[in-house]
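Enquirer: Sharing a model prediction with you, sequence too.
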Amino acid sequence: MNDEELRRAYRESSRAAPPGPHPEPDELARIVNGEGSETERLALLEHAMRCPTCGPELDLLRAASEGARAGHRQMPSTRWLALAAVAILVIGLGALTLRSRRIVPTHDVMRGRAAAMSLIQPENGVTLAFPIHLAWHAVDGAVSYRVELLSTGGDLIGAWTTRDTTLAISESTRVNGSGPYDAWVRATLRDRTDLSSPIVRFNVKR
Amino acid sequence: MSSPRDSISDELESLVARFARFAGRIAHDRGLHQEDLDELLQELRVRFWRARKDGLRDLSAGYVRRTAISAALDIIRRRRVDRNVSIEDEQGGAPPLATLAANPAELLDQSELAQRVALAVDGLAPARRAAVRMYLDGYRREEIAELLRWSDAKTRNLLYRGLADLRAVLIAQGIGTPENVQ
């Protein structure tokens, strides 16, 4: 059996809470916080992975922990806002200049419809070289797509708006380093609402 | 020209939006309900507002993390109180929806295979079992390493050995062929 077959079979096995009491919520938080011994963590995870109640609770705590990375960028104090506004203006002008130089993808990518917004490429964890080609599923009713490139700390590095479902990001003053990046795509629909893809993380090598 | 209140509001909304991006990744991967994430974001919005109202100027990374975990814990505690279901009541739930579409013979085969795989996983050594269980449940290798505070090499080693053990047990039961055993 390959990994996928094993996964399918494992997921189809009926889940029931293991014998014994559920861990307290604080104990689940200890897993996420990296506290306790390895033996303790293994025992807690053994329960959480099998338990239909504690599993989703652990997921919620993990989502909270992951989301908290957003706090790594300090909130700007008021006196820096003016400087930030100037910086944004300069970056905006730079973006307009770079936009005219953007590379159009040279190959066709097969794309299908998907109920939710999702990226076709790049896949999570891949390593890429410039230009970085992004492709996503078309969304019914979308009038435009906004691609955002983020640092792994959540800072916006660049954003591009297109009506196509592909985009190539070339090496530029904003995107010139090797290392990990995050990217996501937001579809703006006719009714002005947005539909977002999950964030994908990939590495860039020069 | 925006008022100071508006600028604070924008800052907080920006923080919550960044939070949603990161948290959304896990929520999506793990199939967490959108309403769970929305509830968490709403809790955070309120707590961040209170903190700013109480004069806390900079919401540091440490503060954001403590607040987020604490908000998630409060949601979990509230739900446990609301649910108030005993462990015995939860046992022996309905079969997964995926199996309901199959015909009775396939259902029996799938169900038996699923139970044999689950039993074989139960029989693995604890560290290998944890790695395999998480992997089969859809966790990425780096997520397993992070939750267990293992190095990448240790995670890879335990996972691959665990999967090999699992396949060996299944092959001994006549399930699968030896080519996948490493």
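Expert: Noted; the coordinates are in hand.
Enquirer: Report the closest residue of chain A relative to chain B.
Expert: Taking CB to the nearest CB, chain B has its nearest neighbour within chain A at residue A:71, 2.7 Å off. In this view, the C-beta of every residue, glycine as well, is placed from N, C-alpha and C.
Enquirer: give the contact list for that residue.
Expert: Neighbour list for residue A:71: B:15, B:19, B:59-65 [criterion: CB atoms under 8 Å, 6 or more residues apart in numbering or on different chains].
Enquirer: Report pLDDT for the most centrally placed residue in chain B.
Expert: Nearest to the geometric centre of chain B sits residue B:30, at 5.1 Å (CA atoms, centre = their mean). Turning to residue B:30, the model gives it a pLDDT of 87.
Enquirer: element containing the spatially closest residue to it that is not a sequence neighbour?
Expert: The shortest distance from residue B:30 to any non-neighbouring residue, by CB to CB, 6 or more residues apart in numbering or on different chains, is to residue A:59 (4.2 Å). Here residue A:59 sits within helix A:54-67, counting by DSSP states H and E.
Enquirer: Helix, strand, or coil at residue B:175?
Expert: coil (DSSP: H, G, I helix; E, B strand; the rest coil).
Enquirer: Might you report the residue contacts of it?
Expert: When contacts are counted by CB under 8 Å, 6+ apart, residue B:175 touches A:1, B:113, B:116.
Enquirer: Which of those sits closest to residue B:149?
Expert: residue A:1 (29.8 Å; CB to CB).
Enquirer: Can you tell me how far that closest one is from residue A:133?
Expert: Counting by CB to CB, to the nearest Å, the gap from residue A:1 to residue A:133 is 34 Å.
Enquirer: cool, and residue B:153?
Expert: Residue B:153 is 32 Å from residue A:133, by CB to CB.
Enquirer: Mind checking which of the two has more residues around it?
Expert: A count of neighbours by other CB atoms under 10 Å in any protein chain shown puts residue A:133 above the other of residue B:153 and residue A:133, at 18 against 9.
Enquirer: I'd like to know the phi and psi angles of the more buried one, please.
Expert: phi -90, psi 130 (degrees, to the nearest 10).
Enquirer: give me the beta-bridge partners of it?
Expert: residue A:168 (DSSP bridges).
Enquirer: what's the spacing between residue B:144 and chain A?
Expert: Distance from residue B:144 to chain A, counting by CB to the nearest CB, to the nearest Å: 9 Å.
Enquirer: Just give me the neighbour total for that residue.
Expert: Residue B:144 has 23 neighbours, counted by other CB under 10 Å.
Enquirer: returning to what we had before: any chance of a ChimeraX selection covering the buried ones in the contacts of residue A:71?
Expert: To isolate the buried ones among those in ChimeraX, judged by 16 or more other CB atoms under 10 Å in any protein chain shown, type:
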select /B:15,19,59,61,63,64,65
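Enquirer: Quick check on residue 165: phi, psi?
Expert: Assuming you mean chain A. Main-chain dihedrals, residue A:165, degrees, to the nearest 10: phi -110, psi 20.
Enquirer: Could you do residue A:184 as well?
Expert: Main-chain dihedrals, residue A:184, degrees, to the nearest 10: phi -150, psi 160.
Enquirer: now it, which residues is it bridged with?
Expert: Beta-bridge pairing for residue A:184 (DSSP bridges): residue A:148.
Enquirer: ok, it - contacts?
Expert: A:119, A:147-148, A:150, A:196-200, B:21.
Enquirer: Just the buried residues of the helix or strand just after the helix holding residue A:59, please?
Expert: Downstream of helix A:54-67, the next assigned helix or strand under DSSP H and E is helix A:78-99. Buried positions in helix A:78-99, judged by neighbour count with 16+ other CB under 10 Å: A:91, A:98.
Enquirer: Alright, I will stop here.
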